[in-house]
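Enquirer: Attaching a predicted model along with its sequence, questions to come.
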Amino acid sequence: MSDAAAENVVLRVDDLQKSFGGLTATDHATFDVERGTITGLIGPNGAGKSTIFNLISGFYEPDGGTVEVNGTDVTGMEPYEVAERGLVRTFQTPRKLEGMTVREAMLVGPRNQPGESFVRLFTSPGAVAESESENLADAERILAEFEIDHLAEQPATDISGGQMKLVELARAMLAEPEVLLLDEPVAGVNPTLAKKLKSQIRRLNDRGTTFLLIEHDMEFVMDLADPIVVLDQGTVLTEGTPHSVRNDQRVIDAYLGGGA
Ligand SMILES: Nc1ncnc2c1ncn2[C@@H]1O[C@H](COP(=O)(O)OP(=O)(O)OP(=O)(O)O)[C@@H](O)[C@H]1O
């Protein structure tokens, strides 16, 4: 690959492997995410999408292969170290934030990865908001941009699942990531909020954030993402435009076989 092409790659997944006992969850998976794209990661249930996210973001250590972020090998790094290099993720099921308001939740771990502040979330949640008050202005600004500033005083456990997804996205943006991994951003979200999430993702992408997103809602992912990477049985089956993927017989067969 030429230097110019390599510069365009913000995330490189190369020959990644991971097994759990006798089960191969990631099987020599290789793909690139180009800077500035919204790249979709799809595949039937159990195809290995979440495992790949965990491998990329440092939550699992691979058995083989490498992950590069901005040309830096981050394989085997801790999640917060990967975040420091510009890659942040959200979770399919946002973490429970008992006893905190939405504003406080925003201020816990602005890098959105388990690091020191994540530990402190459990030890002294009250102190978190205080010590991280320097992030307050940013948190307020981002809440307003996401049009959820009216939720700031609400207990974080009292908002709807869809609103929680918006808060997760807002929290992740506090880290100013170059590349953001979204795990099922609209699962269980009502259509109005899903539309809002979609427009927020587009807005952030227009401003320079690259996205890699796992999503089972085909309409959502096909409308938002290009290119689409298709995983099946831990390996990349194909990648391409939404149109080409949608019409690829191997993809149709994988979904029928996987029962998704
Ligand atoms: N921590 C783990 N321990 C054991 N097996 C695991 C673990 N994590 C994932 N697996 C297995 O690895 C395979 C891939 O799972 P993974 O969750 O990555 O798939 P997925 O594509 O994200 O599925 P879904 O769309 O249902 O969320 C599955 O067979 C799953 O049971």
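Expert: On my side now, so go ahead. Numbering: from 1, shown residues only.
Enquirer: Next to the ligand in this structure, residues from the stretch 1-150 of the chain, please.
Expert: Where the stretch 1-150 of the chain comes near the ligand, counting by CB under 6 Å from any ligand atom, the residues are 20, 23, 25, 43, 45, 46, 47, 48, 49, 50, 51. Every C-beta, even on glycine, is put in place using the N, C-alpha and C of the backbone.
Enquirer: Which single one of those residues is nearest to residue 209?
Expert: The nearest member of those to residue 209, counting by CB to CB, is residue 49 at 20.1 Å.
Enquirer: number of nearby residues for residue 91?
Expert: Per other CB atoms under 10 Å, the neighbour tally for residue 91 reads 18.
Enquirer: residue contacts, it?
Expert: For residue 91, the contacting residues are 168, 183, taking CB atoms under 8 Å, 6 or more residues apart in numbering as the criterion.
Enquirer: at 6 Å instead, please
Expert: By CB atoms under 6 Å, 6 or more residues apart in numbering, residue 91 lies in contact with residue 183.
Enquirer: Phi, psi for it please.
Expert: phi -110, psi 150 (degrees, to the nearest 10).
Enquirer: gap between it and the ligand?
Expert: In this structure, residue 91 lies at 12 Å from the ligand, with CB to the nearest ligand atom, to the nearest Å as the measure.
Enquirer: before we move on, the earlier item: any of the residues of the stretch 1-150 of the chain next to the ligand buried? List them.
Expert: Among those, those classed as buried by 16 or more other CB atoms under 10 Å are 25, 43, 46, 47, 48, 49, 50, 51.
Enquirer: TSV for those, including secondary structure and pLDDT?
Expert: As requested, those are arranged in TSV below (DSSP: H, G, I helix; E, B strand; the rest coil; pLDDT from 0 to 100):
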residue	secondary structure	pLDDT
25	strand	97
43	coil	95
46	coil	94
47	coil	96
48	coil	96
49	helix	96
50	helix	95
51	helix	97
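Enquirer: What is the nearest of the residues you listed to residue 235?
Expert: Of all those, the one with the least separation from residue 235 (CB to CB) is residue 48, at 7.9 Å.
Enquirer: Just confirm that closest one contacts residue 28, I think it does.
Expert: No - the pair formed by residue 48 and residue 28 falls short of the contact definition of CB atoms under 6 Å, at 11.2 Å.
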